[in-house]
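*Asks:* this one's structure only:
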């Protein structure tokens, strides 16, 4: 999902901020080609408005009193339809008294659908299980101070409740008053020969990169520091994605850098908790859940499975899966040209990359129809400060791919984009639930959706604050239980970074 800072009408402009002319003034600067005339019936998604921008618009407009949702907007993304929606009676969401009363401090609360899938996948008896959904990265910089880093981390644990979370054997979570015991591990390699430094750093990477953290005892993240010759430093960070999505990881790195410098941290929502957020989110979705359920039940009649890729062994034969990462960088000028070319044909950058990935999968799959697992990062930005929270807001969408078309890549990309827009408008019924429904069908023998496309365009994982203090990301790898291949895309300084985390033991050599 792309991110972009936007300028919107101030709260005192609510009366004029929601008519069609004001909408046009707000939306046109967000489009890749703002000089092109925007018609009232133009599809805003096809013109390049991306999902996170729409979430930001929803948040701003709801703070002005409009009762619109992300699903409302993506279902018919035109100025004409949006102005009609916003002209309706103002009715900003407020949680019911029952919801407000159900979220006491450190009380256990249910996992989200995605968290539950991660939690079940941690078990050793699951195919390609026995691993946590886990991310590990290394920040290569200079001058990071061990004492200040340890103090900064303690400050973050006190600040972000989900860094104090524990997960019980019944599949529930609670935020504890204090985090797990922590003492920064410091590896002083400053006086070692170069070859010994390399060996020591690889030992740390091997130990941390694939570990299954003890989330039952509140071990949800880790931090270590290596001091290197010449004043260089390497910060080692790992985290269980039960408590953080990709945006949260960026927030964590930013806050860690600011706290290392003793700087103030961006504001959090007032009296916010993840438990309350989930309860309120469920209440908001209740009105459309039946509609979204019916949509996906109809879709199941034509459901495929994950890509039928060539395998060297069955997933259940792979014990202790180990992920390996491959990467490719597309230079800034070539990435810019690709985006511009796609925009002229009405295809967003995200769907351009998704369609390219789908085309390659179709080439290797014995069936050109398959499901692609697409994470959605759904933060309700109507709450001020929610962009600064660490928690897992991930939802999953099962995107149905059917390639190739007779018209070639452009036709396939446009078809995939239309399908994505239709499906995401019904994302209130999660992809995890859809997979469960499929598995209950007696005639279904599919593999689920073990191939992932995770689009993280717009905001770099390590922002300017992190790079200035802690360093740049020099290495990263993730693992997800029951996933075969996880394709992730990022941007940094205009460069497109393509990553593939894969269980190599599944596939034939080469």
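*Replies:* Noted; the coordinates are in hand. All values reported here derive from a predicted model rather than from experimental measurement.
*Asks:* can you give me the strands in the chain?
*Replies:* For the chain, applying DSSP state E gives strands covering 109-110, 134-142, 165-167, 172-175, 185-188, 221-227, 232-240, 323-330, 369-377, 394-402, 451-456, 472-479, 485-492, 495-503.
*Asks:* let me have those strands in TSV, adding mean neighbour count as columns.
*Replies:* No exception for glycine: its C-beta is placed from N, CA and C like everyone else's. Formatted as TSV, those follow (neighbours: other C-beta atoms under 10 Å):
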stretch	mean neighbour count
strand 109-110	16
strand 134-142	20
strand 165-167	22
strand 172-175	20
strand 185-188	15
strand 221-227	21
strand 232-240	22
strand 323-330	14
strand 369-377	22
strand 394-402	21
strand 451-456	23
strand 472-479	19
strand 485-492	21
strand 495-503	19
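*Asks:* tell me which of these lies nearest to residue 419.
*Replies:* Ranking the strands of the chain by proximity to residue 419 (C-beta to C-beta) places strand 394-402 first, at 6.0 Å.
*Asks:* which other helices and strands does that closest one contact?
*Replies:* If you count contacts as 3 or more C-beta pairs under 8 Å, 6 or more residues apart in numbering; DSSP states H and E, strand 394-402 packs onto helix 113-121, helix 349-364, strand 369-377, helix 409-424, helix 431-439.
*Asks:* for the record, mean pLDDT for the fourth one?
*Replies:* Pointing back at helix 409-424 there. For helix 409-424, the mean per-residue pLDDT is 90.
*Asks:* any idea of the angle that helix forms with helix 349-364?
*Replies:* Inter-element angle recorded for helix 409-424 and helix 349-364: 110 degrees (by axes from the mean of the first three to the mean of the last three C-alpha atoms, to 10 degrees).
*Asks:* what inclination does helix 409-424 have with respect to helix 431-439?
*Replies:* For helix 409-424 against helix 431-439, the angle by the same axes, to 10 degrees is 90 degrees.
*Asks:* which residues sit against helix 409-424?
*Replies:* 45-46, 51, 71, 74, 77, 299, 342, 345-348, 351-352, 354-356, 358-359, 374, 376, 397-405 (C-beta atoms under 8 Å, 6 or more residues apart in numbering).
*Asks:* quick one, helices of the stretch 151-300 of the chain?
*Replies:* In the stretch 151-300 of the chain, the helices defined using DSSP state H, counting those that start in this stretch lie at 194-208, 246-260, 274-300.
*Asks:* now mean pLDDT too, for those, in CSV please.
*Replies:* CSV is the format used below for those (pLDDT from 0 to 100):
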stretch, mean pLDDT
helix 194-208, 98
helix 246-260, 97
helix 274-300, 87
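*Asks:* which of these sits most buried?
*Replies:* Ranked by mean neighbour count under mean count of other C-beta atoms under 10 Å, the helices of the stretch 151-300 of the chain are led by helix 246-260, which reaches a mean of 22.
*Asks:* show me what it is packed against.
*Replies:* Applying 3+ C-beta pairs under 8 Å, 6+ apart, one finds that helix 246-260 contacts strand 134-142, helix 146-159, strand 232-240, helix 464-469.
*Asks:* next, format the ones you listed as CSV and append distance to residue 392 and mean pLDDT.
*Replies:* Output for the helices and strands packed on helix 246-260, formatted as CSV (distance: least, C-beta to C-beta, whole Å; pLDDT from 0 to 100):
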stretch, distance to residue 392, mean pLDDT
strand 134-142, 12, 98
helix 146-159, 16, 98
strand 232-240, 9, 98
helix 464-469, 20, 97
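*Asks:* residue 327: which of those is closest?
*Replies:* Proximity to residue 327 (C-beta to C-beta) singles out strand 134-142 among the helices and strands packed on helix 246-260, at 12.8 Å.
*Asks:* so where is the stretch 251-400 of the chain shaky, pLDDT-wise?
*Replies:* 380-382 (pLDDT under 70).
*Asks:* try 90
*Replies:* Under the criterion pLDDT under 90, the flagged ranges of the stretch 251-400 of the chain are 270-272, 277, 280-291, 299-305, 319-320, 340, 342-348, 368, 376-384, 386-387.
*Asks:* can I get the helices and strands packed on helix 246-260 in a markdown table including distance to residue 338?
*Replies:* As requested, the helices and strands packed on helix 246-260 are exported to a markdown table (distance: least, C-beta to C-beta, whole Å):
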| stretch | distance to residue 338 |
| --- | --- |
| strand 134-142 | 26 |
| helix 146-159 | 37 |
| strand 232-240 | 31 |
| helix 464-469 | 25 |
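*Asks:* that'll do, ta.
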